[in-house]
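# prediction below, plus the sequence it came from.
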Amino acid sequence: EEMPQLVAGFHSFVGLAAVFAGCAGYFNPSQGYHFATALETILGTGIGMLTFSGSVVAAGKLHGVIPGRPIVLENRWKLNFAGLAGSAVLSSLFCSAGIYGSGAGLACLLANSAIWAGLGANMVLPIGG
């Protein structure tokens, strides 16, 4: 009876592993800058955070910690599109050689991860019924 929550919980760790793998690659000083690596890092951490947060919300809904009914945020589509637009800007900044290895690059990576975590929760909260 608790299998769906368990699966969702374990699936959240898959997303978290993607985030950790992306961060580990970013913090590897011997790696240097390559556009493909920067793009892989920003996309991998973003998708990993989406998976992590969406799976945590799904597990919470299945377990009853979060109400199982659909929870729809006001202006959710505007939030989604604003998040995607912000992520596109942050990703383009992160992938530029001058910003990638600096504190601004780290700020772009963290802010992009936070945006994708919000997108993951915003995509799963409306599911239920």
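Cool, the structure landed.

# residues making contact with stretch 102-113?
19, 23, 26, 41-42, 45-46, 49, 86-87, 90-91, 93-94, 99 (CB atoms under 8 Å, 6 or more residues apart in numbering). Bear in mind the C-beta positions are built from the backbone N, C-alpha and C, glycine included.

# brain fart, stretch 121-129
50, 53-54, 56-58, 61, 66-73, 76, 79-80, 83.

# just the contacts of stretch 102-113 now: which is nearest Phe10?
Set against Phe10, the nearest of the contacts of stretch 102-113 by CB to CB is Val19 (15.4 Å).

# going by secondary structure, the closest one is in what exactly?
helix 3-26 (DSSP states H and E).

# that helix - contacts with which helices or strands?
helix 35-63, helix 103-124 (3 or more CB pairs under 8 Å, 6 or more residues apart in numbering; DSSP states H and E).

# quick one: mean pLDDT over the shortest one.
For helix 103-124, mean pLDDT is 97.

# whichever helix or strand Phe81 is part of: which residues count as buried?
Counting by DSSP H and E, the element that carries Phe81 is helix 76-94. Using 16 or more other CB atoms under 10 Å as the test for burial, helix 76-94 gives Gly83, Ser87, Leu90, Ser91, Leu93, Phe94.

# all set, thanks.
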